[in-house]
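*Asks:* sequence and predicted structure, then a few things I'm wondering about:
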Amino acid sequence: MSTSKSAEASSGKPGGKLDGKVVVITGAGGGLGAECARVLAGHGAAIAVVDIDLAGAQRVAGAIVEQGGQALALCTDVSDARQVEAMAATVAAHFGRIDVLYNNAAILTNEQRAGDRDVVNMDLGAWDRAMAVNLRGAMLCAKYVIPHILRAGGGSVMFATSGLGAQGDLTLSAYAASKAGVAMLAKSIAAQYGKQGLRSNAIQIGLVENPGHPLPPDIRQILLDNHLTPDLGKPRQLADIVAFLASDESSFITGHTLAADGGFSSHTPSMAAMRAYFAKVGSNSL
Ligand SMILES: NC(=O)c1ccc[n+]([C@@H]2O[C@H](COP(=O)([O-])OP(=O)(O)OC[C@H]3O[C@@H](n4cnc5c(N)ncnc54)[C@H](O)[C@@H]3O)[C@@H](O)[C@H]2O)c1
(Lines give C-alpha, C1' and ligand atoms only; values in the text may rest on other atoms or scores of the structure.)
Protein backbone atom coordinates (compact mmCIF):
# COMPACT_ATOMS: atom_id res chain seq x y z
CA MET A 1 0.00 0.00 0.00
CA SER A 2 1.25 3.48 -0.76
CA THR A 3 -0.33 6.86 -0.22
CA SER A 4 -0.39 10.02 -2.26
CA LYS A 5 1.07 13.02 -0.45
CA SER A 6 -0.25 15.39 -3.09
CA ALA A 7 -3.81 14.38 -2.27
CA GLU A 8 -3.69 14.77 1.48
CA ALA A 9 -6.30 16.59 3.47
CA SER A 10 -6.94 20.27 3.26
CA SER A 11 -9.88 22.25 4.62
CA GLY A 12 -13.33 20.62 4.22
CA LYS A 13 -16.60 22.16 3.07
CA PRO A 14 -18.91 23.10 5.95
CA GLY A 15 -22.66 22.52 6.05
CA GLY A 16 -23.04 19.25 4.11
CA LYS A 17 -25.08 16.23 5.20
CA LEU A 18 -21.85 14.21 5.53
CA ASP A 19 -19.93 16.93 7.36
CA GLY A 20 -17.33 15.46 9.71
CA LYS A 21 -17.73 11.91 8.36
CA VAL A 22 -14.76 9.91 7.09
CA VAL A 23 -15.67 7.62 4.18
CA VAL A 24 -13.64 4.79 2.66
CA ILE A 25 -14.59 4.03 -0.97
CA THR A 26 -12.87 1.10 -2.64
CA GLY A 27 -12.35 1.08 -6.40
CA ALA A 28 -12.73 4.87 -6.31
CA GLY A 29 -9.90 5.57 -8.75
CA GLY A 30 -12.32 5.40 -11.70
CA GLY A 31 -15.85 4.56 -12.84
CA LEU A 32 -18.79 4.80 -10.46
CA GLY A 33 -16.58 4.81 -7.36
CA ALA A 34 -14.86 8.01 -8.51
CA GLU A 35 -18.21 9.77 -8.94
CA CYS A 36 -19.26 8.58 -5.48
CA ALA A 37 -16.02 10.03 -4.05
CA ARG A 38 -16.68 13.41 -5.71
CA VAL A 39 -20.34 13.59 -4.66
CA LEU A 40 -19.78 12.48 -1.05
CA ALA A 41 -16.89 14.95 -0.74
CA GLY A 42 -19.30 17.64 -1.99
CA HIS A 43 -21.58 16.75 0.96
CA GLY A 44 -18.67 17.44 3.33
CA ALA A 45 -17.15 13.97 3.85
CA ALA A 46 -13.42 13.32 3.96
CA ILE A 47 -12.77 10.55 1.44
CA ALA A 48 -10.22 7.74 1.42
CA VAL A 49 -9.95 7.06 -2.31
CA VAL A 50 -8.82 3.41 -2.36
CA ASP A 51 -7.87 1.62 -5.56
CA ILE A 52 -5.33 -0.85 -6.93
CA ASP A 53 -4.72 1.87 -9.55
CA LEU A 54 -2.74 4.51 -7.63
CA ALA A 55 -2.64 7.01 -10.52
CA GLY A 56 -6.44 6.90 -10.80
CA ALA A 57 -6.85 7.29 -7.03
CA GLN A 58 -4.44 10.24 -7.03
CA ARG A 59 -6.34 11.95 -9.85
CA VAL A 60 -9.67 11.62 -8.04
CA ALA A 61 -8.31 12.64 -4.63
CA GLY A 62 -6.31 15.51 -6.13
CA ALA A 63 -9.42 16.94 -7.84
CA ILE A 64 -11.39 16.76 -4.56
CA VAL A 65 -8.63 18.61 -2.71
CA GLU A 66 -8.48 21.23 -5.49
CA GLN A 67 -12.21 21.86 -4.93
CA GLY A 68 -11.51 22.51 -1.23
CA GLY A 69 -12.48 19.03 0.01
CA GLN A 70 -10.54 16.43 1.95
CA ALA A 71 -9.20 13.28 0.30
CA LEU A 72 -6.41 10.78 0.64
CA ALA A 73 -5.38 8.44 -2.20
CA LEU A 74 -4.35 4.93 -1.24
CA CYS A 75 -3.05 2.13 -3.44
CA THR A 76 -4.54 -1.08 -2.02
CA ASP A 77 -5.34 -4.47 -3.51
CA VAL A 78 -8.54 -5.29 -1.63
CA SER A 79 -7.94 -9.03 -2.00
CA ASP A 80 -4.74 -8.79 0.11
CA ALA A 81 -5.43 -8.95 3.86
CA ARG A 82 -2.22 -7.21 4.93
CA GLN A 83 -2.74 -4.34 2.50
CA VAL A 84 -6.36 -3.90 3.60
CA GLU A 85 -5.43 -3.91 7.30
CA ALA A 86 -2.73 -1.29 6.62
CA MET A 87 -5.16 0.80 4.54
CA ALA A 88 -7.71 0.90 7.38
CA ALA A 89 -5.04 1.86 9.93
CA THR A 90 -3.64 4.59 7.64
CA VAL A 91 -7.07 6.13 7.02
CA ALA A 92 -7.94 6.10 10.73
CA ALA A 93 -4.58 7.63 11.66
CA HIS A 94 -4.79 10.27 8.93
CA PHE A 95 -8.37 11.45 9.49
CA GLY A 96 -8.73 10.39 13.15
CA ARG A 97 -11.77 8.11 12.61
CA ILE A 98 -13.76 6.12 10.02
CA ASP A 99 -17.57 6.37 9.77
CA VAL A 100 -18.51 4.84 6.40
CA LEU A 101 -17.28 2.08 4.09
CA TYR A 102 -18.50 1.64 0.51
CA ASN A 103 -17.32 -1.69 -0.92
CA ASN A 104 -17.41 -0.73 -4.59
CA ALA A 105 -14.25 -2.37 -6.01
CA ALA A 106 -14.76 -5.25 -8.44
CA ILE A 107 -12.69 -6.82 -11.16
CA LEU A 108 -14.36 -6.03 -14.48
CA THR A 109 -11.48 -6.02 -16.99
CA ASN A 110 -12.02 -7.33 -20.53
CA GLU A 111 -9.78 -10.33 -19.75
CA GLN A 112 -11.86 -11.11 -16.67
CA ARG A 113 -15.15 -10.88 -18.58
CA ALA A 114 -13.79 -13.10 -21.35
CA GLY A 115 -12.98 -15.88 -18.87
CA ASP A 116 -16.10 -15.56 -16.68
CA ARG A 117 -18.63 -17.47 -18.76
CA ASP A 118 -21.26 -20.20 -18.37
CA VAL A 119 -20.21 -22.77 -15.79
CA VAL A 120 -19.06 -25.54 -18.18
CA ASN A 121 -16.79 -23.08 -19.99
CA MET A 122 -15.65 -21.21 -16.88
CA ASP A 123 -11.99 -20.23 -16.75
CA LEU A 124 -10.96 -21.21 -13.22
CA GLY A 125 -8.59 -18.26 -12.92
CA ALA A 126 -11.48 -15.92 -13.68
CA TRP A 127 -13.63 -17.65 -11.04
CA ASP A 128 -10.87 -17.30 -8.43
CA ARG A 129 -10.22 -13.63 -9.31
CA ALA A 130 -13.93 -12.74 -9.05
CA MET A 131 -14.14 -14.39 -5.63
CA ALA A 132 -10.84 -12.88 -4.45
CA VAL A 133 -11.58 -9.28 -5.41
CA ASN A 134 -15.38 -8.97 -5.33
CA LEU A 135 -16.24 -11.18 -2.36
CA ARG A 136 -13.09 -11.77 -0.27
CA GLY A 137 -12.06 -8.14 -0.90
CA ALA A 138 -15.39 -6.81 0.37
CA MET A 139 -15.19 -9.11 3.41
CA LEU A 140 -11.59 -8.03 4.16
CA CYS A 141 -12.47 -4.33 3.96
CA ALA A 142 -15.40 -4.95 6.30
CA LYS A 143 -13.23 -7.02 8.66
CA TYR A 144 -10.57 -4.33 9.03
CA VAL A 145 -12.63 -1.14 8.69
CA ILE A 146 -15.61 -2.08 10.91
CA PRO A 147 -13.60 -1.98 14.18
CA HIS A 148 -12.70 1.64 13.38
CA ILE A 149 -16.36 2.47 12.62
CA LEU A 150 -17.45 0.89 15.91
CA ARG A 151 -14.80 2.90 17.78
CA ALA A 152 -16.30 6.04 16.20
CA GLY A 153 -19.72 5.07 17.65
CA GLY A 154 -21.25 3.40 14.57
CA GLY A 155 -21.85 4.28 10.94
CA SER A 156 -22.76 2.82 7.57
CA VAL A 157 -21.33 0.00 5.44
CA MET A 158 -22.48 -0.49 1.83
CA PHE A 159 -21.83 -3.13 -0.81
CA ALA A 160 -22.21 -2.74 -4.58
CA THR A 161 -24.15 -5.64 -6.06
CA SER A 162 -25.97 -6.26 -9.33
CA GLY A 163 -29.12 -7.75 -10.80
CA LEU A 164 -26.83 -10.59 -11.87
CA GLY A 165 -26.40 -11.40 -8.17
CA ALA A 166 -30.12 -12.04 -7.80
CA GLN A 167 -31.32 -13.61 -11.06
CA GLY A 168 -29.88 -16.13 -13.52
CA ASP A 169 -28.27 -15.10 -16.80
CA LEU A 170 -26.26 -16.65 -19.61
CA THR A 171 -22.73 -15.65 -18.65
CA LEU A 172 -20.63 -13.91 -15.92
CA SER A 173 -21.40 -16.79 -13.51
CA ALA A 174 -18.50 -15.98 -11.18
CA TYR A 175 -19.36 -12.28 -11.02
CA ALA A 176 -22.99 -13.22 -10.28
CA ALA A 177 -22.07 -15.64 -7.47
CA SER A 178 -19.66 -13.10 -5.94
CA LYS A 179 -22.36 -10.40 -5.99
CA ALA A 180 -24.94 -12.73 -4.39
CA GLY A 181 -22.29 -13.27 -1.71
CA VAL A 182 -21.82 -9.57 -0.95
CA ALA A 183 -25.59 -9.05 -0.67
CA MET A 184 -25.62 -11.77 2.02
CA LEU A 185 -22.55 -10.28 3.70
CA ALA A 186 -24.45 -6.98 4.03
CA LYS A 187 -27.21 -8.78 5.95
CA SER A 188 -24.79 -10.71 8.22
CA ILE A 189 -23.01 -7.49 9.15
CA ALA A 190 -26.32 -5.70 9.77
CA ALA A 191 -27.31 -8.47 12.20
CA GLN A 192 -23.93 -8.64 13.90
CA TYR A 193 -23.24 -4.95 14.61
CA GLY A 194 -26.65 -3.26 14.43
CA LYS A 195 -26.96 -2.89 18.19
CA GLN A 196 -23.66 -0.99 18.17
CA GLY A 197 -25.04 1.60 15.76
CA LEU A 198 -23.64 0.17 12.55
CA ARG A 199 -25.96 -0.17 9.54
CA SER A 200 -25.14 -2.35 6.54
CA ASN A 201 -26.90 -2.44 3.17
CA ALA A 202 -26.34 -3.62 -0.39
CA ILE A 203 -27.14 -1.57 -3.50
CA GLN A 204 -28.39 -3.66 -6.42
CA ILE A 205 -27.28 -1.50 -9.35
CA GLY A 206 -28.91 -1.56 -12.77
CA LEU A 207 -27.02 -0.53 -15.88
CA VAL A 208 -25.18 2.69 -15.08
CA GLU A 209 -23.27 3.96 -18.08
CA ASN A 210 -19.53 3.96 -17.47
CA PRO A 211 -17.26 5.38 -20.20
CA GLY A 212 -14.66 2.84 -19.04
CA HIS A 213 -16.92 -0.02 -20.18
CA PRO A 214 -18.82 1.16 -23.30
CA LEU A 215 -21.61 -1.19 -24.39
CA PRO A 216 -22.11 -2.48 -27.95
CA PRO A 217 -25.22 -0.61 -29.28
CA ASP A 218 -27.38 -3.77 -29.66
CA ILE A 219 -26.73 -4.86 -26.09
CA ARG A 220 -27.29 -1.31 -24.81
CA GLN A 221 -30.72 -1.31 -26.52
CA ILE A 222 -31.73 -4.69 -25.01
CA LEU A 223 -30.83 -3.41 -21.55
CA LEU A 224 -32.59 -0.08 -22.11
CA ASP A 225 -35.75 -1.93 -23.21
CA ASN A 226 -35.72 -3.71 -19.83
CA HIS A 227 -35.28 -0.60 -17.69
CA LEU A 228 -38.55 1.19 -16.85
CA THR A 229 -36.89 4.61 -16.86
CA PRO A 230 -36.42 6.62 -20.07
CA ASP A 231 -32.62 6.21 -19.82
CA LEU A 232 -30.00 3.92 -18.37
CA GLY A 233 -28.45 5.09 -15.11
CA LYS A 234 -25.98 7.93 -14.71
CA PRO A 235 -23.10 7.75 -12.20
CA ARG A 236 -24.51 10.79 -10.39
CA GLN A 237 -27.82 8.97 -9.75
CA LEU A 238 -25.96 6.11 -8.10
CA ALA A 239 -23.72 8.47 -6.11
CA ASP A 240 -26.80 10.26 -4.72
CA ILE A 241 -28.07 6.92 -3.38
CA VAL A 242 -24.69 6.11 -1.83
CA ALA A 243 -24.69 9.57 -0.18
CA PHE A 244 -28.19 8.87 1.20
CA LEU A 245 -27.24 5.46 2.63
CA ALA A 246 -24.01 6.91 4.04
CA SER A 247 -25.87 9.71 5.82
CA ASP A 248 -28.11 9.79 8.88
CA GLU A 249 -31.09 10.41 6.53
CA SER A 250 -31.22 6.60 6.10
CA SER A 251 -30.82 5.83 9.83
CA PHE A 252 -33.73 3.29 9.90
CA ILE A 253 -32.55 1.31 6.84
CA THR A 254 -30.33 -1.70 7.52
CA GLY A 255 -29.96 -5.28 6.32
CA HIS A 256 -31.58 -4.22 3.06
CA THR A 257 -30.76 -4.69 -0.61
CA LEU A 258 -31.87 -1.47 -2.29
CA ALA A 259 -32.56 -1.83 -6.01
CA ALA A 260 -31.15 1.25 -7.72
CA ASP A 261 -31.83 -0.13 -11.16
CA GLY A 262 -34.47 1.88 -13.01
CA GLY A 263 -36.98 -0.91 -12.37
CA PHE A 264 -34.84 -3.53 -14.15
CA SER A 265 -35.65 -6.16 -11.50
CA SER A 266 -39.30 -5.25 -10.94
CA HIS A 267 -41.15 -6.38 -14.06
CA THR A 268 -42.16 -9.64 -15.71
CA PRO A 269 -39.44 -11.32 -17.81
CA SER A 270 -41.73 -11.06 -20.85
CA MET A 271 -42.41 -7.31 -20.56
CA ALA A 272 -39.96 -6.00 -23.17
CA ALA A 273 -41.01 -8.62 -25.71
CA MET A 274 -44.69 -7.81 -25.00
CA ARG A 275 -44.05 -4.10 -25.54
CA ALA A 276 -42.50 -4.89 -28.92
CA TYR A 277 -45.41 -7.23 -29.76
CA PHE A 278 -48.07 -4.66 -28.88
CA ALA A 279 -46.24 -2.05 -30.93
CA LYS A 280 -46.23 -4.48 -33.88
CA VAL A 281 -49.95 -5.34 -33.67
CA GLY A 282 -50.98 -1.78 -32.75
CA SER A 283 -52.75 -2.72 -29.50
CA ASN A 284 -51.95 -2.89 -25.80
CA SER A 285 -54.62 -5.40 -24.74
CA LEU A 286 -54.35 -9.19 -24.72
N1 LIG B 1 -21.62 0.11 -14.06
C2 LIG B 1 -22.70 -0.64 -13.89
O3 LIG B 1 -23.66 -0.58 -14.67
C4 LIG B 1 -22.80 -1.59 -12.71
C5 LIG B 1 -23.92 -2.42 -12.62
C6 LIG B 1 -24.05 -3.27 -11.53
C7 LIG B 1 -23.07 -3.26 -10.54
N8 LIG B 1 -21.98 -2.45 -10.66
C9 LIG B 1 -20.96 -2.50 -9.60
O10 LIG B 1 -20.53 -1.18 -9.28
C11 LIG B 1 -19.15 -1.22 -8.92
C12 LIG B 1 -18.37 -0.22 -9.77
O13 LIG B 1 -18.48 -0.59 -11.14
P14 LIG B 1 -17.82 0.28 -12.31
O15 LIG B 1 -18.73 0.14 -13.48
O16 LIG B 1 -17.47 1.62 -11.81
O17 LIG B 1 -16.49 -0.57 -12.59
P18 LIG B 1 -14.99 -0.06 -12.92
O19 LIG B 1 -14.28 -1.24 -13.51
O20 LIG B 1 -15.04 1.20 -13.72
O21 LIG B 1 -14.39 0.29 -11.51
C22 LIG B 1 -13.90 -0.72 -10.64
C23 LIG B 1 -12.73 -0.13 -9.86
O24 LIG B 1 -12.23 -1.15 -8.98
C25 LIG B 1 -10.82 -1.13 -9.02
N26 LIG B 1 -10.27 -2.44 -8.65
C27 LIG B 1 -10.25 -3.56 -9.41
N28 LIG B 1 -9.61 -4.55 -8.74
C29 LIG B 1 -9.23 -4.02 -7.54
C30 LIG B 1 -8.52 -4.54 -6.42
N31 LIG B 1 -8.07 -5.80 -6.40
N32 LIG B 1 -8.30 -3.72 -5.36
C33 LIG B 1 -8.73 -2.43 -5.39
N34 LIG B 1 -9.39 -1.89 -6.42
C35 LIG B 1 -9.65 -2.67 -7.49
C36 LIG B 1 -10.49 -0.76 -10.47
O37 LIG B 1 -9.16 -0.27 -10.60
C38 LIG B 1 -11.57 0.29 -10.77
O39 LIG B 1 -11.14 1.60 -10.45
C40 LIG B 1 -18.70 -2.67 -9.08
O41 LIG B 1 -18.79 -3.33 -7.85
C42 LIG B 1 -19.71 -3.24 -10.04
O43 LIG B 1 -19.86 -4.63 -9.90
C44 LIG B 1 -21.82 -1.62 -11.72
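*Replies:* Looks like it came in fine.
*Asks:* so which residues of the stretch 51-200 of the chain form strands?
*Replies:* Ranges of strands in the stretch 51-200 of the chain, per DSSP state E, counting those that start in this stretch, are 70-75, 100-103, 155-162, 198-205.
*Asks:* partner strands of the first one and their direction?
*Replies:* Pointing back at strand 70-75 there. Applying DSSP bridges to the sheet, strand 70-75 is found paired with strand 2-3 (antiparallel), strand 46-51 (parallel).
*Asks:* what about Ile52, how many residues nearby?
*Replies:* 20 (other Cβ atoms under 10 Å). Using the backbone N, CA and C atoms, a C-beta is placed for each residue, glycine as well.
*Asks:* all helices of the stretch 151-286 of the chain, in order?
*Replies:* For the stretch 151-286 of the chain, the helices defined by DSSP state H, counting those that start in this stretch cover 173-193, 217-225, 235-246, 271-281.
*Asks:* which bits of the stretch 101-250 of the chain sit near the ligand?
*Replies:* Proximity of the stretch 101-250 of the chain to the ligand is confined to 104-108, 133, 137, 160, 162, 205, 207-208, 210, 212-213 under the rule Cβ under 6 Å from any ligand atom.
*Asks:* swap in 8 Å and give it another go.
*Replies:* If contact is defined as Cβ under 8 Å from any ligand atom, the residues of the stretch 101-250 of the chain in contact with the ligand are 103-109, 132-134, 137, 160-164, 175, 179, 204-210, 212-213, 232-233, 235, 238.
*Asks:* can you turn the buried part of those residues into a ChimeraX selection?
*Replies:* In ChimeraX, this line selects whichever of those come out buried by 16 or more other Cβ atoms under 10 Å:
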select :103,104,105,106,107,108,132,133,134,137,160,161,162,163,164,175,179,204,205,206,207,208,209,210,232,233,235,238
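*Asks:* verify the contact between Ile161 and Asn201 for me.
*Replies:* Not Ile; residue 161 is Thr. No: no contact is recorded between Thr161 and Asn201 when judged using Cβ atoms under 8 Å, the distance being 10.1 Å.
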